[in-house]
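Student: everything below, folded, please.
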Amino acid sequence: MEGIQNCLAVYRRELKSYFESPVAYVFLVSFLLLTGFLTFAVAHFYERQTADLEVFFTFHPWVYLLLVPAATMGLWAEERRTGTIELLLTMPVTLLQTIMGKFLAAWLFITIGIVLTFPIVLTTCYLGDPDLGVIFCGYVGSILMAGAYVSVGMFTSALTRSQVIAFVIALLVCLLLLLAGWPPVTSLFSQWAPSWLVEGIAAFSFTQQFESIKRGVIDLRDIAYYASVMVFMIAGSHTVLQNRTAA
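Tutor: Predicted coordinates:
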């Protein structure tokens, strides 16, 4: 019970720090403007005359690719640069509790941005009779995928003192995980690689799992995939920070 309280204390501290600076508001406004622009101006939402959010969710992996690394690059890099990490770790909390608190705060912060897109759901309901179950699954998949992006961003932030370097590394790692299941890439591999290899590579993609969820099918395997990415990246962050603090 004490461990949970310690984790929540770090979580509240980190979440509060987001909204004490302009970063939170810049991120949220940028996220809403970018998703709105891509949905209405690029994908021509109204011209499609279809009461669904297929095109809205299609752009989420690419929006996260740019914005989530920017929102998470300072999770540990800034703590290490300013030296406050030593002060943080002298508090009566374990390293794992601190990592989990930071991760949950960053994930909730991104989730707030996702939830704030609810007006597009109301717009869709006004224009037609959408399948709300499919829309709900799309939001669930988007939030799970956002958690995977956040875990990658936290891991790369733990690797360096520089927020810029953390951002670039997170961007590259997330891009690789994104492109692994992107149809143009898989079709390119399928021209010379065996099908089992192409399918194996695609299985590690963020988009591969997200596609099935946003169609309205919540498969435990897809949830397990995103959970595995988060656990792996959290464990990696713990190992890196433990070695750095021990040194």
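Student: what about residue 79, how many residues nearby?
Tutor: 21 (other Cβ atoms under 10 Å). In short, each C-beta sits where N, CA and C put it, glycine included.
Student: my bad, residue 115
Tutor: Neighbours of residue 115 (other Cβ under 10 Å): 11.
Student: quick one: low-confidence parts of the chain?
Tutor: Where the chain drops to pLDDT under 70, the residues are 1-2, 83, 86, 88-89, 181-202, 245-247.
Student: if we use 80, what do you get?
Tutor: 1-3, 23, 49, 51, 78-92, 180-204, 244-247 (pLDDT under 80).
Student: just want the most central residue of it.
Tutor: residue 146 (2.3 Å; Cα atoms, centre = their mean).
Student: okay, buried residues for the helix or strand encompassing residue 139 please.
Tutor: With secondary structure defined by DSSP states H and E, residue 139 is part of helix 132-159. Burial within helix 132-159, assessed by neighbour count using 16 or more other Cβ atoms under 10 Å, is assigned to 134-135, 137-139, 141-159.
Student: for that helix, packing partners?
Tutor: Counting contacts by 3 or more Cβ pairs under 8 Å, 6 or more residues apart in numbering; DSSP states H and E, helix 132-159 packs against helix 54-58, helix 60-72, helix 74-82, helix 95-115, helix 118-127, helix 163-179, helix 206-214, helix 220-246.
Student: hmm, who's touching the fifth one?
Tutor: With Cβ atoms under 8 Å, 6 or more residues apart in numbering as the contact definition, helix 118-127 has outside contacts at 36, 39, 51-53, 56, 130, 132, 135.
Student: from these, which is closest to residue 227?
Tutor: For the contacts of helix 118-127, the residue nearest residue 227 by Cβ to Cβ is residue 135; the value is 22.5 Å.
Student: go ahead and confirm the closest one touches residue 53.
Tutor: Yes - with contact defined as Cβ atoms under 8 Å, residue 135 and residue 53 form a contacting pair (5.5 Å).
Student: which is the next helix or strand following the helix or strand encompassing residue 6?
Tutor: Counting by DSSP H and E, the element that carries residue 6 is helix 2-19. Using DSSP H and E, the helix or strand that follows helix 2-19 in sequence is helix 22-36.
Student: list the buried residues of that following helix.
Tutor: 24, 27-28, 30-32, 35.
Student: kindly report the same for stretch 57-71.
Tutor: 57-61, 63-65, 67-71.
Student: which residues does it contact?
Tutor: With Cβ under 8 Å, 6+ apart, stretch 57-71 has contacts from 23, 27, 30-31, 34-35, 38-39, 42-43, 106, 109-110, 138, 141-142, 145-146, 149-150, 152-153, 156, 166-167, 170-171, 174-175, 178, 206-207, 210, 214.
Student: of the helices and strands packed on helix 132-159, which is nearest residue 8?
Tutor: Nearest of the helices and strands packed on helix 132-159 (Cβ to Cβ): helix 95-115, 7.0 Å.
Student: that closest one: which residues count as buried?
Tutor: 96-114.
Student: which residue packs closest to residue 144, ignoring adjacent ones?
Tutor: residue 226 (4.3 Å; Cβ to Cβ, 6 or more residues apart in numbering).
Student: to clarify, my last question referred to residue 177.
Tutor: Per Cβ to Cβ, 6+ apart, closest to residue 177 is residue 206, 5.2 Å.
Student: repeat for residue 104
Tutor: In space, residue 104 is closest to residue 11, 5.0 Å off (Cβ to Cβ, 6+ apart).
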